[in-house]
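Visitor: Below is the sequence, then the predicted model.
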Amino acid sequence: MSAYKQFFTKALKKFGIKSINDITPAKKKEFFNYIDKNWKGKNESVTEKMNPVLMKALQKQHNQIYKYQYNIFLYF
């Protein structure tokens, strides 16, 4: 199991979540904010050196994609 998958699974347990699809949008936002804040993977520090405007655009795109990540996660 990958380190990210282990981290994600532990976060699910921490929040008492059985399925991402069954929680409220507010709780989902809180959960994914926790993931974003606490996951430190390879090359995470590269974003700290980015232009703030570019970073904001990338975060917006990331958030749009990220909401579907859990469904993809289940298949691995």
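Guide: Thanks, I have it. Numbers count the residues shown, from 1 in each chain.
Visitor: count of neighbours near K60?
Guide: As a burial measure, K60 scores 9 neighbours (other Cβ atoms under 10 Å). C-betas here are computed from N, CA, C, even on glycine.
Visitor: again with F32
Guide: In terms of burial, F32 registers 17 neighbours under the definition other Cβ under 10 Å.
Visitor: So it: helix, strand or coil?
Guide: The assignment at F32 comes out as helix when based on DSSP: H, G, I helix; E, B strand; the rest coil.
Visitor: so who does the residue located most distally from the centre of the chain touch?
Guide: Among the residues of the chain, the one whose C-alpha is farthest from the average of all C-alpha positions is N51, by Cα atoms, centre = their mean at 21.6 Å. For N51, no residue counts as a contact, taking Cβ atoms under 8 Å, 6 or more residues apart in numbering as the criterion.
Visitor: oh, and call the first residue 43 from now on, that's how I've got it
Guide: Got it, the first residue is 43 from now on, which makes the last one we talked about N93.
Visitor: ok, it to A99 distance?
Guide: For N93, the distance to A99 equals 9 Å [Cβ to Cβ, to the nearest Å].
Visitor: next one: N75
Guide: Per Cβ to Cβ, N75 is found 19 Å from A99.
Visitor: Report all helices and strands that the helix or strand encompassing K55 contacts.
Guide: When elements are assigned from DSSP states H and E, K55 belongs to helix 45-57. Helices and strands touching helix 45-57, by 3 or more Cβ pairs under 8 Å, 6 or more residues apart in numbering; DSSP states H and E, are helix 67-80, helix 111-116.
Visitor: These: lowest mean pLDDT?
Guide: Out of these, the stretch the model trusts least by mean pLDDT is helix 111-116, with a mean of 62.
Visitor: how distant is stretch 57-67 from the center of its chain?
Guide: Distance, stretch centre to chain centre, for stretch 57-67: 14 Å (Cα atoms, centre = their mean, to the nearest Å).
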